[in-house]
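Visitor: Sequence plus predicted model, see below.
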Amino acid sequence: MNNIQTEKMNVCVVFGGNSSEHDISKISVVTVLKSLDSDKYNVHKIFITREGRWYYFDKNAEDIKNIQEGSLDGMFDEAVISPSTSDRGIIRMTKNGIERIKIDVVIPVLHGKNGEDGTIQGLFELADIPYVGPGVIGSSVCMDKCIAKILFKEAGIPQADWVSVKYGDDVDVKEIEDKLGYPCFIKPSNAGSSVGISKAHNRDELLSGIKLAFEHDYKVLIEEFVPASEVESAVIGNFEPKVATNIGEIAPSNEFYDFDAKYNDSNSKLTIPANIDKDIEEKLKDYAIRAYKICECRGLSRVDFFVDKEKGEIRLNEINTLPGFTSISMYPKMWEVSGVSNTELIDRLIGHALDMNRRGV
């Protein structure tokens, strides 16, 4: 028997982040860390605080929930990912001096601003380190809901009608009402996990919803309400992406699938596979691939839809380029029901990251 010992790969997992989705990242990363095969990978963890400070986290996954962010100095070493290709990894400031750690691949378990919008992906590109998930362009355009909707339209994918407003613009309420009617949704153009989103049933709620959304972004998307089921698909791959066999359906406990319904309320019902006709499912999967490609997605994304089961109409909602990996998150659950374990899923994502880097794109 040939017992060849292969060298382990150095994986850097980055989590936390100075975004409104910081806490979701801390939950997601535990699932990712527990899914990494210790026989294949040496895992290095970098924690980014809400204020944007970087630390080398040298404790176990179970300790992440106990992080007290106000007292990290002296408890953890500061550490950064160097932008220099000569380092190609982590610079850790220890008590005994600087330690340089070569990294083979980065898994950014980050959601929202500065983690999912192309900014940190740009750092990985500068450093020439392979990383999981879409690149700079795909991350940035999918993070900006208004830009993404323009691309969806170009691809001929049906979606809800919308109006965009930037900070400082004169808001033409009458135009919005005439075009979209009530109810309608108000969303920060660049935010995730339904943070800052509201549903307006009248003019007062529309104005207060716009004010709330501006607290999270300088640009606001106001969108037509689509009375339909929320259905999600899981896409993986680079140039020949695949959709998970089983797609999922959400019955939110609240009026819409807001932050609490996603993460705090166990009464939200997730159904996999979704209760939709086969022809609708195939059309939905086709739209998911088309949206994934036109937005330059790579590695993975969750593509979300609204489906009117009575009329058979599909409306693309949005693309999430670094979907949650919590115990109730739809992306890993759809793959699990489709026969792919979390460990195999992470292996595949790392493989796609390495492939993109080898191609130099």
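Guide: Cool, the structure landed.

Visitor: Would you map out the domains in the protein?
Guide: The chain resolves into domains spanning 9-131, 141-158+227-359, 162-224 when parsed by automatic domain parsing.

Visitor: now these as TSV including mean neighbour count?
Guide: C-beta here means a position set from N, CA and C on the backbone, and glycine is covered the same way. Formatted as TSV, those follow (neighbours: other C-beta atoms under 10 Å):
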stretch	mean neighbour count
domain 9-131	18
domain 141-158+227-359	19
domain 162-224	17
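
Visitor: and those domains as a markdown table, adding mean pLDDT?
Guide: Putting those into a markdown table (pLDDT from 0 to 100) gives the following:
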| stretch | mean pLDDT |
| --- | --- |
| domain 9-131 | 95 |
| domain 141-158+227-359 | 90 |
| domain 162-224 | 93 |
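
Visitor: Would you map the helices across the stretch 151-300 of the chain?
Guide: Per DSSP state H, counting those that start in this stretch, the stretch 151-300 of the chain carries helices over the ranges 173-180, 203-214, 259-263, 278-294.

Visitor: Nearest to residue 66 among the ones you listed would be which one?
Guide: For these, the distance to residue 66 is smallest for helix 259-263, at 18.8 Å, taking C-beta to C-beta.

Visitor: related to what we said a few turns ago, compare the helices of the stretch 151-300 of the chain and report which one is nearest to residue 161.
Guide: helix 173-180 (6.2 Å).

Visitor: one step back: could you dump the helices of the stretch 151-300 of the chain to CSV with distance to residue 82?
Guide: Formatted as CSV, the helices of the stretch 151-300 of the chain follow (distance: least, C-beta to C-beta, whole Å):
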stretch, distance to residue 82
helix 173-180, 47
helix 203-214, 36
helix 259-263, 34
helix 278-294, 31
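
Visitor: I'd like to know which of the ones you listed lies nearest to residue 19.
Guide: helix 259-263 (12.9 Å).

Visitor: Of all residues in this protein, which one is nearest the centre?
Guide: Among the residues of the chain, residue 322 comes closest to the average C-alpha position under C-alpha atoms, centre = their mean, at 2.5 Å.

Visitor: For it, what are phi and psi?
Guide: Dihedral pair for residue 322: phi -130, psi 70, per degrees, to the nearest 10.

Visitor: list the contacts for it?
Guide: 108-111, 115-116, 133, 139, 300 (C-beta atoms under 8 Å, 6 or more residues apart in numbering).

Visitor: Please flag which of these sit within helices.
Guide: residue 139 (DSSP state H).

Visitor: could I get the contacts of residue 322 as JSON lines with distance to residue 327?
Guide: Putting these into JSON lines (distance: C-beta to C-beta, whole Å) gives the following:
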{"residue": "108", "distance to residue 327": "20"}
{"residue": "109", "distance to residue 327": "14"}
{"residue": "110", "distance to residue 327": "18"}
{"residue": "111", "distance to residue 327": "16"}
{"residue": "115", "distance to residue 327": "20"}
{"residue": "116", "distance to residue 327": "20"}
{"residue": "133", "distance to residue 327": "20"}
{"residue": "139", "distance to residue 327": "25"}
{"residue": "300", "distance to residue 327": "18"}
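
Visitor: now, which of the contacts of residue 322 sits nearest residue 152?
Guide: The nearest one, if we look at those relative to residue 152 and count by C-beta to C-beta, is residue 139, at 16.4 Å.

Visitor: Quick one: residues contacting the residue lying closest to the closest one once chain neighbours are set aside.
Guide: Spatial nearest neighbour of residue 139, excluding adjacent residues (C-beta to C-beta, 6 or more residues apart in numbering): residue 118 at 3.9 Å. Residues counted as contacts of residue 118 (C-beta under 8 Å, 6+ apart) are 135-140, 143.

Visitor: Any chance of CSV for these, columns distance to residue 244?
Guide: Listed next are these as CSV, based on distance: C-beta to C-beta, whole Å:
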residue, distance to residue 244
135, 22
136, 26
137, 24
138, 19
139, 21
140, 25
143, 23
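
Visitor: Distance-wise, check the nearest residue to residue 22 once chain neighbours are set aside relative to residue 21.
Guide: Closest residue to residue 22 apart from its sequence neighbours, by C-beta to C-beta, 6+ apart: residue 50 at 5.3 Å. According to C-beta to C-beta, to the nearest Å, residue 50 and residue 21 sit 11 Å apart.
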